[in-house]
Structures are given as structure tokens and as C-alpha cells.
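>>> sequence plus predicted model, see below.
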Amino acid sequence: METGNSKSRTILVVEDEPATREVLRRTLEQEGYRVCLASDGEEAVEMLRRESTDMILLDLVLPGINGWEFCRAVRGEPALAHIPIIIITAKDSPAYQQKAFDLGANDYILKPFDLEEVKSRIAAVIHG
């Protein structure tokens, strides 16, 4: 089922776990989004330089540049700072959530996640 004008929207999924990355890709493509995938922070930075991106779904625990560093880098880059970021992580603590919002995250989803909730939160962030 396609929602609104999602067809023209691109989501960058930054997730090091292949199974989770694939579930998110398949689900978002079914919703009509264009999906780019990165398995670590370095790859995600390169992808942002090459691809027009409307939103980032970001895991915190990544090899190399972790989610915190990546979020800080995106928010510090004027050409990228406007891109919404949704953290998607197993780190369930108020301190982690506060840090994510302090670094400029737009939302925080806990793993294991419910796909319907993920779709709803993405739609809320992207489509306002």
C-alpha cells in the first residue's frame, strides 16, 4: 500500500544487521519509498554525498563511525542538517533517548520494533 507522495521520497537506512536492514528495505519499498542502504557510518556518509535523501533511519551501534558520531556529523553539515533522522536502536534508556534528541534526532524507535509503528513514525516525520 502506497502512502501519499512517498514515491518521490528517499530513505537512507543505516543498519549493520543484514536481516534488519532487509526487513526495513522491503517494508519501506512496499510503502512506495526509494530506499538506500548503508551497513556502517562511513558508507552512510558517502551515500549522503551522492544521493538526495529525505530521511535517515539510523542505528546507534555501528562499526566505525557510530550512530552518535554520524548524527553529529549530519547536523554539523549545513547541506545535510535539514534531513530528518529517526534513531532505531535496542538502547532502551532515557539517557540514550535524551542524547539522541540533544544531537538533533527527530524520533527514537526501540528494537525489537513493530513495522506498523515504524511506518507511522516515518510518515509523521516525512509528511508532517
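Here it is on my side, so go on. Numbering: from 1, shown residues only.
>>> alpha carbons only for contacts and neighbour counts from here, please
Noted.
>>> how far off centre is the helix or strand harbouring residue 100?
When elements are assigned from DSSP states H and E, residue 100 belongs to helix 94-102. How far helix 94-102 lies from its chain's middle: 16 Å, per CA atoms, centre = their mean, to the nearest Å.
>>> which residue ranges form the helices in the chain?
18-30, 41-50, 67-76, 94-102, 115-127 (DSSP state H).
>>> circling back: can you list the buried residues in the helix holding residue 100?
Applying a neighbour-count criterion of 16 or more other CA atoms under 10 Å, the buried positions in helix 94-102 are 97, 100, 101.
>>> hmm, who's touching that helix?
68, 87, 107, 108 (CA atoms under 8 Å, 6 or more residues apart in numbering).
>>> closest one of these to residue 93?
Relative to residue 93, the closest of these is residue 108; by CA to CA it sits at 10.9 Å.
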